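Engineer: Fold the following and give me the result.
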Amino acid sequence: MMGMLMLRGYAHSEILADHRVRPEAATDKVPQKILDGGPVIDTRGGRTTSLGVPDHRLVLTFDDGPDPVWTPKVLDVLKANHAHAVFFVTGTMASRHPGLIERMVKEGHEVGLHTFSHPDLSYQSKSRIDWELSQNQLALEGAAGIRSSLFRPPYSSFADAMDDKSWPVTQYVGTRGYITVVNNTDSEDWRKPGVDEIIRRATPKGGKGAIVLMHDSGGDRHQTVQALTEFLPRLQRQGYEFQNLTEALDAPSANTPVTGLDLWKGKTWIFLVQASEKTTDILVVGVAVIGVLVFTRFGMMLLLSALHARRVRRKDFRWGAAPVTEPVTVLVPAYNEAKCIENTVTSLMASEHPIEIIVIDDGSADGTARIVEDMYVPNVRVVRQDNAGKPAALNRGLANASHDIVVMMDGDTVFEPATVRELVQPFADPGVGAVAGNAKVGNRDSLIGAWQHIEYVMGFNLDRRMYDLLRCMPTIPGAVGAFRRSALERVGGMSDDTLAEDTDITMALHRDGWRVVYAENARAWTEAPESVQQLWSQRYRWCYGTMQAIWKHRRALVERGPSGRFGRVGLPLVSLFMVLAPLLAPLIDVFLLYGVVFGPTQKTIVAWLGVLAIQAVCAAYAFRLDKERMTHLISLPLQQVLYRQLMYVVLLQSWITALTGGRLRWQKLRRTGVVGAAPGSVPQQRASDSGNERRPVG
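Structural biologist: The predicted model follows:
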């Protein structure tokens, strides 16, 4: 993308452009016969000669084109009046509009060089002059298969305006085989003085021949077109002929065909420029799409999350007729969680809600199960199995659960005392099949941890409020979620079809007609990855698993009932906001980088700061809803610059894996056990009535 943008910038004179114009200088080094001579200056082969145009012959010259709007209109007027002209084109415009160069040549006009990027050559080195000329020729070769020996310097005027700075350029250009063509009649159409004034200035006196300067590009040229419409027939009636330069001078054509390698170089160049133009157009559309998606998401999150918070925080808000007080089962799947499992179980011991705890040891090799057993905690059972993956471990736990409401958490997570109680209250509504809790980053002191903390609070929990109101919650977080056991049994339990079993089961519940809600006060503190490699592994699995889940449930798009509603509301939103938008989001950064380097720098920076300000507002609102300290938002700008890029590449790799049919295995993250206890934990435990002894299960 950057390569295509660079090529586009090069073809639009945004890269390597030099807009300096030298003021007038002395003329003592310019031969007097040049100053007093005609507008055609020949310095080839050491010559110092100049020529004028014979009487009653006019050579109309048009600078700075071709322009896609005005050049065709000029060509139409010339064709209607059987007139020829010379078009001094820049390489940038010729590269972008090759079809117009081809039309000029086919209709008998001559094409001359006006440099590639229109700099004042008196400021440039000989190598830069060679580059400007060769690139200009390359564009002509690719566009129309010709070379030209005519050259007009940018910012040139009459021959008597040649000075000590421009004359050496004219001499050097002659050594490269070019004839320099200035003018002796300036219509000054670029000033837009009016049609009558343009005609007056373009008309030579006394039937003299002239080279007339006009422009077919560089702005609004409607006055030029209107003036030509009147000027051509009027002077033709006066006996003038409108010819290209070599016709007027009775000389061989200045345009010669090219063949072989030079022709193919030119065609390749035109192809690449056209490809960069089309690619850039597509990228601009992509930026527009991502802009709409980003601002739509921000708007929806702010509005719907505010409505959600207002609804659930009302004093009279109730999930059902009576609060949920019956015991629940907490499932803790664990694989090599020796550093964390004791903290996890200890936090559950302080629960304010009666629970039974089942730790499912999924073939750990570090003594995880033994650590739990050695804690001698009442109401904790350890279930051992050979390593079969998290879905299988959860299903094994379900088979051993004693209660209808099942809470699931990760082995590296700790709960607050009120977490389970808050998490299960929505089940007072018989239509609720699952509840998402509020997952928080426990190790937020590092930079990577702080970035993930912002992401969790803003990107995940604000999203969940929005999805709750829209009734299309895509994911119950594995760190803190609760399910109605009967709902799980109806959809076949936890599936290992995808790597995002939490997203998969959530979508399955939606399709089965269950409501999935968000409990903001059910807080769980989890250990986020502390290295780039671990973060990459985790997000790669999440991204790829989400894609798998979307693809698995794609039939919901065409189904009826609850499944169809989720398919036509939930799946598009998840696909747009979680898959498509993040994939296109790098375009913003690509254009940001391009705009900062090549301009308009100030507008680009202001636009980026505006987007950042909107994100900061959303983040601050999310932090306020979650009662988090705002100090962590200090790292938000850096997160947008660095952290997002990592997420982009992770998503891109996930896309590649999905499109190539690759398989991704479960990857275990190394834990450190730094999340010891939830803030405000109090070591107290309310036992369930189902039993009081630890029961290891083989």
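Engineer: Leaving out sequence neighbours, find the closest residue to Tyr621.
Structural biologist: Of all residues not flanking Tyr621 in the chain, Leu302 sits nearest, at 6.3 Å (Cβ to Cβ, 6 or more residues apart in numbering). All C-beta atoms are positioned from the backbone trio N, CA, C, and that covers glycine.
Engineer: Do I have it right that that neighbour meets Cys618?
Structural biologist: Yes: assessed by Cβ atoms under 8 Å, Leu302 is found in contact with Cys618 at 6.2 Å.
Engineer: quick one, phi/psi of Ser187?
Structural biologist: phi -70, psi -20 (degrees, to the nearest 10).
Engineer: How about the contacts made by the closest residue to it other than its chain neighbours?
Structural biologist: Excluding the flanking residues, the one nearest Ser187 by Cβ to Cβ, 6+ apart is Ala202, at 4.0 Å. Residues near Ala202 by Cβ atoms under 8 Å, 6 or more residues apart in numbering: Thr185, Ser187, Val212, Met214, Ala227, Phe231.
Engineer: Can you tell me the element Leu499 falls in?
Structural biologist: Here Leu499, judged by DSSP states H and E, is contained in no helix and no strand.
Engineer: now it: how far from Tyr540?
Structural biologist: 9 Å (Cβ to Cβ, to the nearest Å).
Engineer: Quick one: the strands in the stretch 501-650 of the chain, in order.
Structural biologist: 515-526 (DSSP state E, counting those that start in this stretch).
Engineer: can you give me the helices in it?
Structural biologist: For the stretch 501-650 of the chain, the helices defined by DSSP state H, counting those that start in this stretch occupy 501-511, 532-552, 561-565, 571-574, 581-584, 586-598, 601-625, 636-638, 644-660.
Engineer: Which of those has the highest mean neighbour count?
Structural biologist: Neighbour counts (mean count of other Cβ atoms under 10 Å) averaged over each of the helices of the stretch 501-650 of the chain peak at helix 501-511, with a mean of 26.
Engineer: On the three-state scheme, the residue lying closest to His114 once chain neighbours are set aside is what?
Structural biologist: Counting by Cβ to Cβ, 6+ apart, His114 lies nearest to Phe88, which is 4.0 Å off, once chain neighbours are set aside. Following DSSP: H, G, I helix; E, B strand; the rest coil, we place Phe88 in the strand state.
Engineer: Check what pLDDT Phe88 gets.
Structural biologist: Looking at Phe88, its pLDDT is 98.
Engineer: again with Ser681
Structural biologist: For Ser681, the model assigns a pLDDT of 50.
Engineer: cool, and Pro378?
Structural biologist: In this model, Pro378 carries a pLDDT of 85.
Engineer: Can you classify it as helix, strand or coil?
Structural biologist: coil.
Engineer: ok, it to Gly367 distance?
Structural biologist: With Cβ to Cβ as the criterion, Pro378 and Gly367 are 21 Å apart.
Engineer: for Pro72, same thing?
Structural biologist: 81 Å.
Engineer: And these two? Which one has more around it.
Structural biologist: Just comparing Pro72 and Gly367: by other Cβ atoms under 10 Å the higher neighbour count belongs to Pro72, 17 against 14.
Engineer: Give me the distance between the closest residue to that one other than its chain neighbours and Thr280.
Structural biologist: Counting by Cβ to Cβ, 6+ apart, Leu100 is the residue found nearest to Pro72 once chain neighbours are left out, at 6.9 Å. Distance from Leu100 to Thr280, counting by Cβ to Cβ: 20 Å.
Engineer: which one of the two has more residues nearby?
Structural biologist: Neighbours per residue, other Cβ under 10 Å: of Leu100 and Thr280, the larger number sits with Leu100, 24 against 20.
Engineer: would you put the C-alpha positions of the strand or helix carrying the more buried one in PDB?
Structural biologist: According to DSSP H and E, Leu100 maps onto helix 98-106. Extracted as PDB, the C-alpha positions of helix 98-106 are listed here (Å, rounded to 0.1, in the frame of the first residue of the first chain):
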ATOM      1  CA  PRO A  98      -2.300   8.700 -21.300                       C
ATOM      2  CA  GLY A  99      -5.400   8.500 -23.400                       C
ATOM      3  CA  LEU A 100      -5.400  12.200 -24.000                       C
ATOM      4  CA  ILE A 101      -1.800  12.100 -25.300                       C
ATOM      5  CA  GLU A 102      -2.700   9.400 -27.700                       C
ATOM      6  CA  ARG A 103      -5.700  11.400 -28.900                       C
ATOM      7  CA  MET A 104      -3.400  14.500 -29.500                       C
ATOM      8  CA  VAL A 105      -1.100  12.500 -31.700                       C
ATOM      9  CA  LYS A 106      -3.900  10.800 -33.600                       C
END
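Engineer: helices or strands up against that helix?
Structural biologist: Using 3 or more Cβ pairs under 8 Å, 6 or more residues apart in numbering; DSSP states H and E, the elements in contact with helix 98-106 are helix 70-80, strand 110-113, helix 126-144.
Engineer: Give me the residues contacting the longest one.
Structural biologist: Outside helix 126-144, the residues that touch it by Cβ under 8 Å, 6+ apart are 89-92, 94-95, 98-99, 101-102, 104-105, 111, 113-117, 119, 121, 124, 146-148, 151, 169, 172-173, 176, 178, 258, 262-263, 265-271.
Engineer: Now do it and helix 98-106, the angle between them.
Structural biologist: 80 degrees (axes from the mean of the first three to the mean of the last three Cα atoms, to 10 degrees).
Engineer: and the next element down the chain from helix 126-144?
Structural biologist: That would be, after helix 126-144 and using DSSP H and E, strand 146-148.
Engineer: by contact count, what packs against whichever helix or strand comes after that next one?
Structural biologist: Counting by DSSP H and E, the element after strand 146-148 in chain order, helix or strand, is strand 150-151. When contacts are defined as 3+ Cβ pairs under 8 Å, 6+ apart, strand 150-151 packs onto strand 110-113, strand 179-181.
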